[in-house]
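Have a look; sequence and predicted model below, questions after that.
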Amino acid sequence: MNIKSKFPLGQLLVEKGVISQEQLNTALQKQKETGELLGATLMALGFIDEETIFLPVLAGQIGVDFVNIKNIDIPQDVINKIPVKFASHYKVIPIDFKDNVITLATTEPLDIQIIDEIGLVVDYRINTVLASEKDILEAIRKYYGVGADTIEKMMDNVLPSSQFEDEFSDLEELDSEASISKFLNQILLEAYRDRATDIHIEPFEDELHIRYRVDGILNDAKVPPNIRHFKDSIVSRIKILSKLNIAEKRKPQDGRFKVHVGEIDLDLRVSFLPTPYGESVVMRLLNSTRLFTLEELGLSAEDRKTLEGLIKKPHGIIFVTGPTGSGNTTTLYSCLARVNTEDKKIITIEDPIEYQ
């Protein structure tokens, strides 16, 4: 355990040579205007970095240890000692268990209320360490699975496991804060953050697999095992968004819908295919907010010059080929954007239409 510092945070940073007195004065003046905490103000001004400077110094000031969770491989039996609903609600992650003491990484290591409330549901003594909120949330997704807290809440609101055979088609019966819609949003957000071009939802006899295609390669998305009980409801929700027939389960269907993620709009092109264990779903993610320019495609200067010369010719044909997700459509739309001027009318013939 670190020894608590008697110096205020700002002065401590100056004493350690992390920031200058002038930078501290600037931050204090800015803090008066915004009302933000000093640490947040210093980071917003670009004077300090959270993980390498601010949090370690803050930990020393308040007398706790700082842990970089990204450098730790947490055993699953340690993760299982704290229910996901508490990890998500309090933004904590268990990182170690030894001699009946569980160590929790949190952004508020001195918050007695959090320690006491978690202590009511575990039979261990609790030790807390300081960690980045971003790293904690990432660890919760990594070890518990995407949307694990949502699935657990949904499990609390549905029938006993012996009655799962009927599945759950009535989405309105699920709690509004723990719904299929929320879980689907979490999946879409995670896929976007991972730069996925496609999401594959694949049913099997006793499980449901969700995979993201990133850089042309499919990767498993860690999801809670209980998600298998909601596979029909997830498919139905996607069909509703795509304005398709939710009762049709024996024929392939294609559709599309739009969602808003962060500051961008995503177009999703969706296909459904029946399988022995339910419908398989593939969603293609297309960023409709912004198209790449030719300069952003990663072409060499020589290749870009050649391509620009070809697309400016008055007639001819250009073939663009490559595997799924390699950038065929992106390349073509970048070319169209380059030649799309006020004196030209452009018509595309597409099936399906990728960007709308």
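Perfect, I can see it now.

residues of the helix or strand harbouring Gly309 that come out buried?
Gly309 belongs to helix 301-311 when assigned by DSSP states H and E. By neighbour count with 16 or more other CB atoms under 10 Å, helix 301-311 contains the buried residues Leu307. Placement of C-beta: from N, CA and C, glycine included.

Tell me the helices and strands packed up against it.
Helix 301-311 sits against helix 328-339, with contacts defined as 3 or more CB pairs under 8 Å, 6 or more residues apart in numbering; DSSP states H and E.

The helix it packs on: how far from the chain's middle?
The chain centroid and the centroid of helix 328-339 are separated by 28 Å, computed with CA atoms, centre = their mean, to the nearest Å.

As PDB, could you dump the C-alpha coordinates of it?
What follows is helix 328-339, C-alpha atoms only, in PDB (Å, rounded to 0.1, in the frame of the first residue of the first chain):
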ATOM      1  CA  ASN A 328     -14.500  -3.400 -53.100                       C
ATOM      2  CA  THR A 329     -17.500  -1.300 -52.400                       C
ATOM      3  CA  THR A 330     -15.500   1.300 -50.400                       C
ATOM      4  CA  THR A 331     -13.100   1.700 -53.300                       C
ATOM      5  CA  LEU A 332     -15.900   2.200 -55.900                       C
ATOM      6  CA  TYR A 333     -17.800   4.700 -53.800                       C
ATOM      7  CA  SER A 334     -14.500   6.600 -53.300                       C
ATOM      8  CA  CYS A 335     -14.100   6.800 -57.000                       C
ATOM      9  CA  LEU A 336     -17.700   7.900 -57.500                       C
ATOM     10  CA  ALA A 337     -17.200  10.600 -54.900                       C
ATOM     11  CA  ARG A 338     -14.100  11.900 -56.700                       C
ATOM     12  CA  VAL A 339     -15.900  12.300 -60.100                       C
END
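
So what touches it?
286, 291-294, 296-297, 307-308, 311-312, 318, 320-322, 346, 348, 354-355 (CB atoms under 8 Å, 6 or more residues apart in numbering).

Generate a PyMOL selection restricted to the buried subset of these.
The buried subset of these, as determined by 16+ other CB under 10 Å, is captured in PyMOL by this line:
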select buried, resi 286+294+307+354+355
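
Just the contacts of helix 328-339: which are in helices?
Applying DSSP state H to the contacts of helix 328-339, the entries found in helices are Leu307, Glu308, Ile311.

Give me the neighbour count for Ala247.
Neighbour count for Ala247, taken as other CB atoms under 10 Å: 9.

Now do it, the pLDDT please.
At Ala247, the model reports a pLDDT of 86.

tell me which element it is part of?
Ala247 belongs to no helix or strand, assigned by DSSP H and E.

ok, now how distant is it from Ile240?
12 Å (CB to CB, to the nearest Å).

Strands of the stretch 251-356 of the chain, start to end?
Along the stretch 251-356 of the chain, the stretches classed as strands by DSSP state E, counting those that start in this stretch are 253-261, 264-275, 278-287.

Please convert those to TSV, extending it with distance to Lys32.
Shown next, in TSV, are those (distance: least, CB to CB, whole Å):
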stretch	distance to Lys32
strand 253-261	35
strand 264-275	35
strand 278-287	40
